[in-house]
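> Sharing a sequence plus its predicted fold:
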Amino acid sequence: MTIRPYVFDKMKNKALIFGDVIALTIITIIGFATHGETGLSFLPRMLTTLIPLLISWFLLAPWFGLFDSQITFQARSLWRAPLAMLLAAPLTTTLRAILLSESSIPIFTLVLGITSALGLLIWRALWVWIRRSKAAPTSSRRETRSES
């Protein structure tokens with residue numbers, strides 16, 4: 001089995017990429033909200049978490065085939081997104097620590113990894129369901145025509 005990263009300029013799933021960004025943004029906002037930090041004054045601090053999170057995600061996700069339409073269409077491949085996110089979490093918190101000139105806290109890495117993995121799993125499962133529901137009417141029409 002040859003492992004090759006999926007090249008970004010060949011990505012056709014702009015909606016999937018946009019959904020990943022939205023999902024990770026929502027997760028970041030929820031994370032800050034749990035600490036009572038939701039005002040606009042916290043936006044710069046949120047960005048010091050969100051930007052490294054997005055960088056880490058988009059660096060690792062292609063290696064797991066998470067932008068390959070043959071993989072993202074299959075429910076049995078949903079495990080790839082949480083695994084990629086769990087592996088991206090240490091890079092995220094390291095980049096964040098560099099931005100803030102602080103140390104990386106292991107429990108934060110764990111919580112960020114688990115919550116982001118869960119959020120991406122929910123989003124990617126929704127993506128599979130949407131894609132399958134759009135594809136289903138086409139295949140059922142073919143079956144109806146062939147039975148006639």
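That came in fine, so what should we check first?
> how about the least confident helix or strand in the chain by mean pLDDT: buried residues?
Ranking every helix and strand in the chain by mean pLDDT, DSSP states H and E puts helix 69-72 at the bottom, with a mean of 77. When burial is assessed from 16 or more other C-beta atoms under 10 Å, helix 69-72 yields the following buried residues: residue 72. Quick note: C-beta positions are derived from backbone N, CA and C, even for glycine.
> Check the protein for its longest helix and report it.
Ranked by residue count, the top helix of the chain under DSSP state H comes out as helix 106-147.
> by contact count, what packs against that helix?
Under the contact criterion of 3 or more C-beta pairs under 8 Å, 6 or more residues apart in numbering; DSSP states H and E, helix 106-147 touches helix 14-33, helix 43-60, helix 69-72, helix 80-100.
> least reliable of those helices going by mean pLDDT?
For the helices and strands packed on helix 106-147, mean pLDDT drops lowest on helix 69-72, to a mean of 77.
> what's the offset of that helix from the middle of its chain?
Its chain's average C-alpha position is 14 Å from that of helix 69-72, according to C-alpha atoms, centre = their mean, to the nearest Å.
> With stretch 103-114 instead?
Its chain's C-alpha centre and that of stretch 103-114 lie 17 Å apart, by C-alpha atoms, centre = their mean.
> For that stretch, report the contacting residues that lie outside it.
Contacts with stretch 103-114, where a contact means C-beta atoms under 8 Å, 6 or more residues apart in numbering, come from 31, 49, 53, 85-86, 88-90, 92-94, 96-97.
> Can you give me the buried ones in it?
Under 16+ other C-beta under 10 Å, the buried positions of stretch 103-114 are 108-109, 112-113.
> Mind putting those residues into CSV with distance to residue 43 and pLDDT?
Converted to CSV, the buried residues of stretch 103-114 look like this (distance: C-beta to C-beta, whole Å; pLDDT from 0 to 100):
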residue, distance to residue 43, pLDDT
108, 19, 95
109, 23, 96
112, 18, 96
113, 23, 96
